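Colleague: coords please:
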Amino acid sequence: METEAYRALSSKSRLDILKMLYKKPMSVEDLAQRLKLQPITIRHHLQSLVEAGFIEAYEERAGSVGRPKIHYKMVREPQIVSYPKRRYLMLSNFIVSTLRYVLGEDQAKKILKKAGVEMGENTAKRLESEHEIKDWSIKSYEEFFVKDYLEKVGA
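Modeller: Residues are numbered from 1 along each chain as shown. Sure thing, here's the model as predicted:
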């Protein structure tokens, strides 16, 4: 399975498809139109992504007659590709569950909120320093946080 995952991620077109499907489920035709590729090419890329375990297909009927339309969406827990394999999602779920069990729901929420705020503040300070941002605007937020930082961390 890991070999298929690396192969699937080696294509810019497949990465573009994953970015689009991360936002919302789409059909072959929707993807072909947005990526300006032939539907047969899109189907080929989708098959690789399905085999690698990144996406899944589902049928949607528009009416009572005719063939259902096939849409593709991200799987609930995508294949983790790294060397060596790390189970960060499993580890984070375990840590959160343990916090809830040991400290209780309210205290766990307070600690996680504090950690999240601290991470956000540190990230903002680092981005301000790296990009010489004096005042955050919608444009700078979109450019440096959303498009640059979030993509780098895989969000």
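Colleague: quick one: the strands in this structure?
Modeller: With DSSP state E, the ranges of strands along the chain come out as 26-27, 55-60, 69-74.
Colleague: Turn those strands into a markdown table, columns for distance to I138.
Modeller: For every residue, glycine as well, the C-beta is placed using N, CA and C. Formatted as a markdown table, the strands of the chain follow (distance: least, CB to CB, whole Å):
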| stretch | distance to I138 |
| --- | --- |
| strand 26-27 | 27 |
| strand 55-60 | 31 |
| strand 69-74 | 27 |
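Colleague: Tell me which residues touch E59, please.
Modeller: 68-71 (CB atoms under 8 Å, 6 or more residues apart in numbering).
Colleague: in this structure, what spans have low per-residue confidence?
Modeller: The chain contains residues with pLDDT under 70 at 1, 78-86, 154-155.
Colleague: any idea how it splits into domains?
Modeller: 2-74, 105-152 (automatic domain parsing).
Colleague: what would those domains look like in CSV with distance to R87?
Modeller: Shown next, in CSV, are those (distance: least, CB to CB, whole Å):
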stretch, distance to R87
domain 2-74, 14
domain 105-152, 20
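Colleague: Highest mean neighbour count out of those domains?
Modeller: domain 2-74 (a mean of 15; mean count of other CB atoms under 10 Å).
Colleague: What about the chain, which residue is the most distant from its middle?
Modeller: Of all residues in the chain, V65 has its C-alpha farthest from the mean position, at 34.5 Å, by CA atoms, centre = their mean.
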